[in-house]
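Engineer: Sequence and predicted structure, then a few things I'm wondering about:
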2 protein chains.
Amino acid sequence: MAHEAPGMMHGTLDALILRTLVGGARHGYAIARWLEEATDEMLTIEEGSLYPALYRMERKGWIEAEWGTSELNRRAKLYRLTSKGRKQLAAETEHWARFAAAVSKVLLPA
Amino acid sequence: MAHEAPGMMHGTLDALILRTLVGGARHGYAIARWLEEATDEMLTIEEGSLYPALYRMERKGWIEAEWGTSELNRRAKLYRLTSKGRKQLAAETEHWARFAAAVSKVLLPA
DNA sequence: TCACATTACCTTGACAGTCTAGGTAACGCT
DNA sequence: AGCGTTACCTAGACTGTCAAGGTAATGTGA
């Protein structure tokens, strides 16, 4: 199920999670499922990475949590993007684009 | 001089270094300079990351070292790509391409 | 009714890789 | 003599990810 080299997510995980919340509040489990589906299982978030990341970002004020219920009527903690988080996402997206372009320029044949 | 978010190099550094050696043997310092120049200072390798990475890769048999002299006639340790390293580079490049595509698909607006 | 898979969250500890911040030494130039 | 550059090296901290465990509630099928 791991389609990813270990450590590869390093640095991009926050942005990916934030991006997942653009369409509205989601709970942790749903975030992971959505990302997997959106990338054809190419990117997967381990739960041991997901939850710590959520707490980290909540502490930084990028997201806000609230207990509620999932679509399947289970207890779930719903995360919502803050305006600060929106700015952070924009910055990280910008940065990713430049970083990826630089790496690709070096790595990939013309 | 740091144009890079900390930790962003995570996972791609090896591939970038290996790529630098495709054109022939180079010493550590030259590898760092070359990469900076090739990316307009966008990607920089700290020496505290570079040398450990070189030892790691030497241990794995991806590169081989030999003492020699630099273009400026100074003592320098020249690193050469092995065939194993060439295969590794190909694999990591492939992986980068797929990873970057997946992340971009999620992150960047259509 | 019982077992099992799924949903959903959480935590601990290890690990790897990067970075900061130091250091050495030799060379060339002024 | 002093300084900037080239070139290599290392220790220690830090951070984020991962593996591997765990809890509890719900739904499904036998």
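Structural biologist: That came in fine, so what should we check first? Bear in mind that the values here come from a model prediction, so they are computed numbers and not experimental data.
Engineer: Which helix or strand contains whichever residue of chain A sits closest to DNA strand D?
Structural biologist: With CB to the nearest atom of the strand, the shortest gap between chain A and DNA strand D falls at residue A:48, namely 2.0 Å. All C-beta spots, glycine's among them, are computed from the backbone N, C-alpha and C. Secondary structure from DSSP states H and E places residue A:48 in helix A:47-59.
Engineer: And the average pLDDT for that helix is what?
Structural biologist: The average pLDDT within helix A:47-59 is 97.
Engineer: Now it: buried residues?
Structural biologist: A:50, A:53, A:54, A:57, A:58 (16 or more other CB atoms under 10 Å in any protein chain shown).
Engineer: for stretch A:55-73, same thing?
Structural biologist: Neighbour-count burial for stretch A:55-73 [16+ other CB under 10 Å]: A:57, A:58, A:62, A:63, A:65.
Engineer: contact partners of that stretch?
Structural biologist: A:14, A:17-18, A:21, A:25, A:27, A:29-30, A:54, A:75-82, A:84-85, A:88-89 (CB atoms under 8 Å, 6 or more residues apart in numbering or on different chains).
Engineer: Can you narrow the residues you listed down to the ones near DNA strand C?
Structural biologist: Filtering the contacts of stretch A:55-73 for proximity to DNA strand C by CB under 7 Å from any atom of the strand leaves A:27, A:29, A:30, A:54, A:75, A:76, A:77, A:78.
Engineer: Narrow the residues you listed to those in strands?
Structural biologist: A:27, A:75, A:76, A:77, A:78 (DSSP state E).
Engineer: any idea how far the third one lies from residue A:95?
Structural biologist: So the one you mean is residue A:76. 31 Å (CB to CB, to the nearest Å).
Engineer: who has more neighbours, those two?
Structural biologist: Shown here are residue A:76 and residue A:95; by other CB atoms under 10 Å in any protein chain shown, residue A:76 has more neighbours (19 against 16).
Engineer: what sits opposite the more buried one in the beta ladder?
Structural biologist: On the basis of DSSP bridges, residue A:76 is bridged to residue A:68.
Engineer: Name the residue of chain A that lies nearest to DNA strand C.
Structural biologist: residue A:70 (2.6 Å).
Engineer: hang on, the earlier thing: going through the contacts of stretch A:55-73, which ones are buried?
Structural biologist: By 16+ other CB under 10 Å, the contacts of stretch A:55-73 give A:14, A:17-18, A:21, A:25, A:27, A:30, A:54, A:76-79, A:81-82, A:85, A:88-89 as buried.
Engineer: just checking: which of the residues you listed also lie near DNA strand D?
Structural biologist: Near DNA strand D, by the rule CB under 7 Å from any atom of the strand, you find residue A:14 out of these.
Engineer: element containing the spatially most central residue of chain A?
Structural biologist: Residue closest to the average C-alpha location in chain A (CA atoms, centre = their mean): residue A:17, at 1.5 Å. Taking DSSP H and E as the criterion, residue A:17 maps to helix A:13-20.
Engineer: Which strands or helices does that helix pack on?
Structural biologist: With contacts taken as 3 or more CB pairs under 8 Å, 6 or more residues apart in numbering or on different chains; DSSP states H and E, helix A:13-20 sits against helix A:28-38, helix A:47-59, helix A:83-107, helix B:83-107.
Engineer: This completes my enquiry, with thanks.
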